[in-house]
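Novice: quick one: sequence and predicted model below, then my questions.
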Amino acid sequence: MARILVIGGGIAGTAAALGLRKAGHDVAVFEAHPDTAEDIGAFLTLAANGMRALAQIDATDAVTAIGFPLTSLRLLDDRGGEVARAPLAGADDPALRYRCLRRGELNAALQAEAVRRGTPLRHGARLVAVDAGADAVTARFSDGSSATADLLIGADGLNSAVRRLVVAPAARPRYAGQRVYYGYTDTAPAAGESCAITMVRGSAAAFGYAVSPAGETYWFARVTAGPRAAGGAPEPAPADLRGELLPLLREDATPAGDIVAAGDGSVMATDATELPLGTPWRAGRVLLVGDAAHAASPATGQGASMALEDAVVLAKALRDLPDPRTALTVYEHHRRPRAEHNITVSGAISRGARTPARDTPAAPGAPREDDALNRLLDWDTPLPGLPRTER
């Protein structure tokens, strides 16, 4: 049993804690934010792969108690006509169905589940220094307290303090070419059935929305634009954000403009950002996971699901392999190609470029990528070690 510190109590950190505790380790989580409500206005979707990962750490019930399922995808043209419809992966399995939910509610649910299982979780713990030695690692916090363990997991997001202090001080998130708006309203005109996510091919914005069973519409828009000016300018008011977005949506005869205009608040905007390929993930006894390691633009909608995959593979690596150094090496071997492919694909979508294919096509008769991922995530399947050529 290893003693492990997790820095960051968001999706990546709490899921990692759940997985590591299931694998038999002593885990404590430290979160800089004073409560669980960070980003409560934004929403996200968990894809089937993310839901599969949750099932491996026995967290399905905690997450399906919030949000609502999505079982189909609709595509509308710029006149509002439906041009395609298809079931989403996992639609026939309640445990694997896509799920739409608010980020703050997901954070709260995972944190509550971690605490229920006996994992200490401390809010308001802002990391200021890390002392990494040959045999242990110590985290130091702004209130003068500290904690020492065998390993430290940096799950503290895009602007990770762990990455800046220890793993990759020179790495900086970069702008991925789009501004992303999020909002929700319960006064939008009827725009589609519940349990479907609808994507709109707009002339000046990519738009998507989902309607909950209670009639609330969750929406997002991605707009090609320059980054917002740096320097700590105040966040624009919701009305100003709507004023930026509505003229672009009104260029087309789709439901998008009416959906955005219907709300009277609850709008936020953020620049799409990503970490450069090849950003280091580990240094000695310190490892980055989730957005701290491989943040991608949100175009593929895979950020949260990738973090959940990380949690399962890391827990299995530290369960199945003989020592922490080997475990972290094998973890990175399995996770980096998939995570960086997501960065590349999502960035290409945000920049309007051709979506790249995998560098190496599968050999005839090789297992499908989904099958390989499912085996990698399956809790009862031992994690493969390094190929002989990489040992």
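Specialist: Structure received. Numbering: from 1, shown residues only.

Novice: okay, which residue is most central for this protein?
Specialist: Ala304 (2.2 Å; CA atoms, centre = their mean).

Novice: residues contacting it?
Specialist: The contact partners of Ala304, taken as CB atoms under 8 Å, 6 or more residues apart in numbering, are 11, 44-46, 50, 103, 106. Where C-beta positions appear, they are placed from N, C-alpha and C, glycine not excepted.

Novice: if I look at Leu241, how far off is Val313?
Specialist: Here Leu241 is placed at a distance of 37 Å from Val313 (CB to CB, to the nearest Å).

Novice: hang on, I meant Val162
Specialist: 19 Å.

Novice: what does Arg250 give?
Specialist: With CB to CB as the criterion, Arg250 and Val313 are 45 Å apart.

Novice: hang on, the residue nearest to the centre of the chain in a helix?
Specialist: Yes - assigned with DSSP: H, G, I helix; E, B strand; the rest coil, Ala304 falls within a helix.

Novice: 870 is where my numbering starts, stick with that
Specialist: Yes, from this point I'll number from 870; that puts the last item at Ala1173.

Novice: quick one: mean pLDDT for the longest strand seen in the chain?
Specialist: Using DSSP state E to define each element, the chain has its longest strand at strand 1043-1054. The average pLDDT within strand 1043-1054 is 93.

Novice: phi and psi next, for Gly878.
Specialist: Main-chain dihedrals, Gly878, degrees, to the nearest 10: phi -110, psi 30.

Novice: give me the number of residues near it?
Specialist: 26 (other CB atoms under 10 Å).

Novice: now the helices for this protein?
Specialist: For the chain, the helices defined by DSSP state H cover 880-891, 917-925, 929-933, 972-985, 1030-1031, 1107-1118, 1125-1131, 1160-1163, 1172-1189, 1193-1219, 1238-1246.

Novice: quick one on the thing from earlier: so which of Leu1110 and Val1182 has more stuff around it?
Specialist: More crowded of Leu1110 and Val1182, by other CB under 10 Å: Val1182, with 25 against 20.

Novice: shaky segments in this protein?
Specialist: By pLDDT under 70, the weakly predicted segments of the chain are 905-910, 1059-1061, 1098-1102, 1222-1238, 1257-1260.

Novice: ends of stretch 1063-1076, how far apart?
Specialist: 17 Å (CA to CA, to the nearest Å).

Novice: run through who's touching that stretch.
Specialist: Identification of contacts with stretch 1063-1076 by CB under 8 Å, 6+ apart yields 914, 937-947, 949, 957, 967, 969, 1060-1061, 1077-1082, 1084, 1088-1092, 1114, 1117-1118, 1120-1121, 1123-1125, 1168.

Novice: buried among those? Make that a ChimeraX selection.
Specialist: Applied in ChimeraX, the following selects the buried portion of these according to 16 or more other CB atoms under 10 Å:
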select :914,937,938,939,940,942,943,944,945,957,967,969,1060,1061,1077,1078,1079,1080,1081,1088,1089,1090,1091,1092,1114,1117,1118,1121,1123,1124,1125,1168
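
Novice: can you map out the strands along the stretch 920-1069 of the chain?
Specialist: Listed in chain order, the strands of the stretch 920-1069 of the chain (DSSP state E, counting those that start in this stretch) span 937-939, 941-945, 951-956, 967-971, 990-992, 996-1001, 1006-1010, 1015-1018, 1020-1023, 1043-1054, 1065-1070.

Novice: go through those strands and name the closest to Arg1194.
Specialist: Of all the strands of the stretch 920-1069 of the chain, strand 1020-1023 sits nearest to Arg1194, with 10.2 Å by CB to CB.

Novice: is it possible to get a markdown table of the helices of the chain that adds distance to Arg1009?
Specialist: Below are the helices of the chain laid out as a markdown table (distance: least, CB to CB, whole Å):
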| stretch | distance to Arg1009 |
| --- | --- |
| helix 880-891 | 18 |
| helix 917-925 | 31 |
| helix 929-933 | 32 |
| helix 972-985 | 23 |
| helix 1030-1031 | 11 |
| helix 1107-1118 | 38 |
| helix 1125-1131 | 45 |
| helix 1160-1163 | 18 |
| helix 1172-1189 | 24 |
| helix 1193-1219 | 21 |
| helix 1238-1246 | 34 |
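
Novice: for those, which one sits closest to Ala897?
Specialist: Of all the helices of the chain, helix 880-891 sits nearest to Ala897, with 8.1 Å by CB to CB.

Novice: same for the closest one, what does it pack against?
Specialist: Judged by 3 or more CB pairs under 8 Å, 6 or more residues apart in numbering; DSSP states H and E, helix 880-891 is in contact with strand 872-876, strand 895-900, helix 917-925, helix 972-985, strand 1020-1023, helix 1172-1189.

Novice: repeat that with 6 Å
Specialist: Helices and strands touching helix 880-891, by 3 or more CB pairs under 6 Å, 6 or more residues apart in numbering; DSSP states H and E, are strand 872-876, strand 895-900, helix 972-985, helix 1172-1189.

Novice: mind putting those into a markdown table with distance to Asp927?
Specialist: Shown next, in a markdown table, are those (distance: least, CB to CB, whole Å):
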| stretch | distance to Asp927 |
| --- | --- |
| strand 872-876 | 18 |
| strand 895-900 | 15 |
| helix 972-985 | 9 |
| helix 1172-1189 | 11 |
